[in-house]
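Colleague: here are the coordinates; sequence isn't available:
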DNA sequence: GATTGTCAATACGCTGGCGTATGGTTATAT
DNA sequence: ATATAACCATACGCCAGCGTATTGACAATC
């Protein structure tokens, strides 16, 4: 269905999904998301997308009134997918400690989704992007807050801890994404994640 | 000297520094930094800067070969200033706990510099910006690492804690900057900062 | 097999932003 | 007082990227 959103963690993907003769609006949305993942929101240009899809922009303006509409549609699809997958994939885990640790270690998996998230977060100067990212951020913070409360933290503390956790996530993504030469190797990365877990997740009450 | 870099925390600033008859390259650099602070790197355009300075771009291209050169100069000036002021302003404080707490509470002061930092960090897709921000980031992380070691942490832990601290800083800045409607009020902000301090700064060994 | 609907190609205009060329103005030096 | 340098204005060319308009091709349907 969708190479960007529904791909397995790091499957090698073909640059353009399918090569059927004619395109749907959905195809443009997917191409847009793919482009955002690779080069950010600013790189979503109708002519270059058209070339990528093997057509001209005559096609695009049949499906969308303008560029903004495409970005809106892409954001909508991404947010919907985010809602569907994120919390659900974690609600399977019952034990709160296991769940929270899984959340933290998630940074090491499903790289594609993190890259997209990162690029979107870097484009919050775009007002529509900002709306979406704010909602998504609050949703994740709420989720984390919930988890910390399940671990016995007081609501106010849980909320602040959730914020701290999320801010670290966002900051780390950008750092890791953009400063390639400063990239830690995988062992170092693992150690960092475990340090964060030790620091931010309170110890079980019943040790 | 410089309204953007050397301003007092939140002094009301005139939009354009001075209105002398003729400009220097420095004036353009300052205007660029001011623009970055207000609207990000992408908003640095020579024609709009010229209008802001009350001249035309004929002036600009006398002082600089092109737009990139201006951005380079602005980044250089910013980084030099950052090196001069940041660590020095904190090296006054002797007691390591006081020093670290001061670092954390710094988020609440000197808003102007944080805003600039944030906008620069949001432009790391620009390669020259990325170089600078990477250096600055590493410098700050080193500084924090040093501080955590003075508090008795083992080097590896201190480094990871420093990373965590810095990532939280970066993430928080962007969150706070861009999601205006979600802005915490000042009390909430204070509580957040204190929570972060409690969570990330280890207790004194000699309680 | 003609019509209609769906998708695409081509050609065009418009705008914003960069950069150049050239000439004008002001200050400074001699 | 005039020559030179420093600074600025004006006018222009160029390109990327958006959006429009018109026509064309293919498929489905009748």
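Modeller: Noted; the coordinates are in hand. Because the structure is predicted, anything quoted here is derived from the model rather than measured.
Colleague: and chain A, which of its residues are near DNA strand C?
Modeller: Residues of chain A lying near DNA strand C by C-beta under 7 Å from any atom of the strand: A:21-24, A:50, A:54-59, A:62-63. Placement of C-beta: from N, CA and C, glycine included.
Colleague: give the buried subset of those as a ChimeraX selection command.
Modeller: Restricted to buried positions by 16 or more other C-beta atoms under 10 Å in any protein chain shown, the ChimeraX selection for the residues of chain A next to DNA strand C reads:
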select /A:23,50,59,63
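Colleague: which residues of chain A lie near chain B?
Modeller: Counting by C-beta under 8 Å from any C-beta of the partner chain, chain A comes close to chain B at A:40, A:42, A:121-122, A:124-125, A:130, A:133-134, A:137-138, A:156-157, A:160-161, A:163-164, A:166-172, A:174-175, A:178-179, A:181-182, A:191-192, A:195-196, A:199-200.
Colleague: quick one: which of the residues of chain A next to DNA strand C is nearest to residue B:86?
Modeller: residue A:50 (46.7 Å; C-beta to C-beta).
Colleague: okay, now the unreliable bits of chain A?
Modeller: The model of chain A has pLDDT under 70 over residues A:1-20, A:205-207.
Colleague: wait, what's in contact with the residue most central in space within it?
Modeller: The centroid of chain A falls nearest to residue A:117 when counting by C-alpha atoms, centre = their mean (3.1 Å). Neighbouring residues of residue A:117 by C-beta atoms under 8 Å, 6 or more residues apart in numbering or on different chains: residue A:173.
Colleague: please redo it, this time with the cut-off set to 10 Å
Modeller: Contact analysis of residue A:117 by C-beta atoms under 10 Å, 6 or more residues apart in numbering or on different chains lists A:37, A:78, A:82, A:133, A:136-137, A:140, A:169-170, A:173, A:177.
Colleague: look at the closest residue to residue A:107 other than its chain neighbours and tell me its secondary structure.
Modeller: Of all residues not flanking residue A:107 in the chain, residue A:193 sits nearest, at 6.1 Å (C-beta to C-beta, 6 or more residues apart in numbering or on different chains). Secondary structure, DSSP: H, G, I helix; E, B strand; the rest coil: residue A:193 is helix.
Colleague: contact partners for residue A:193?
Modeller: Residue A:193 is in contact with A:101, A:104-108, A:172, B:160, counting by C-beta under 10 Å, 6+ apart.
Colleague: ditto for residue A:78
Modeller: Per C-beta under 10 Å, 6+ apart, neighbours of residue A:78: A:4-5, A:29, A:32-33, A:36, A:113, A:116-117, A:120, A:132, A:136.
Colleague: with residue A:188 instead?
Modeller: Counting by C-beta under 10 Å, 6+ apart, residue A:188 makes contact with B:156, B:159-160, B:163.
Colleague: same check on residue A:164?
Modeller: By C-beta under 10 Å, 6+ apart, the contact set of residue A:164 is A:141, A:144, A:148, A:196, A:199-200, B:164-165, B:167-168, B:171-172, B:192, B:195-196, B:199-200.
Colleague: so which of the residues you listed are in helices?
Modeller: If you go by DSSP state H, these have A:141, A:144, A:148, A:196, A:199-200, B:164-165, B:167-168, B:171-172, B:192, B:195-196, B:199-200 in helices.
Colleague: quick one, phi psi at the closest residue to residue A:178 other than its chain neighbours?
Modeller: Nearest non-adjacent residue to residue A:178, counting by C-beta to C-beta, 6+ apart: residue B:124, 4.2 Å away. For residue B:124, the backbone dihedrals are phi -70, psi 0 (criterion: degrees, to the nearest 10).
Colleague: any idea how far residue B:124 is from DNA strand C?
Modeller: Per C-beta to the nearest atom of the strand, to the nearest Å, residue B:124 is found 19 Å from DNA strand C.
Colleague: how near is that residue to residue A:134?
Modeller: According to C-beta to C-beta, to the nearest Å, residue B:124 stands 21 Å off from residue A:134.
Colleague: that older thread, and the residues of chain A next to DNA strand C, which is closest to residue A:89?
Modeller: Using C-beta to C-beta, residue A:24 comes nearest to residue A:89 of those, at 27.5 Å.
Colleague: skipping its backbone neighbours, what lies nearest that closest one in space?
Modeller: In space, and not counting its chain neighbours, residue A:24 is closest to residue A:63: 7.4 Å by C-beta to C-beta, 6+ apart.
Colleague: just the element for the residue nearest to the centre of chain A, please.
Modeller: helix A:111-121 (DSSP states H and E).
Colleague: and the residues of chain A next to DNA strand C, which two are furthest apart?
Modeller: A:21 and A:57 (17.6 Å).
Colleague: just the buried ones from the contacts of residue A:188, in PyMOL syntax?
Modeller: Selecting only the buried entries of those in PyMOL, with 16+ other C-beta under 10 Å as the criterion:
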select buried, chain B and resi 159+160+163
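Colleague: how about the contacts of residue A:188 in a markdown table, adding distance to residue B:69 and secondary structure?
Modeller: As requested, the contacts of residue A:188 are exported to a markdown table (distance: C-beta to C-beta, whole Å; DSSP: H, G, I helix; E, B strand; the rest coil):
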| residue | distance to residue B:69 | secondary structure |
| --- | --- | --- |
| B:156 | 42 | helix |
| B:159 | 36 | helix |
| B:160 | 39 | helix |
| B:163 | 34 | helix |
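Colleague: which of the contacts of residue A:188 come close to chain A?
Modeller: Applying C-beta under 10 Å from any C-beta of the partner chain to the contacts of residue A:188, one finds that B:156, B:159-160, B:163 fall near chain A.
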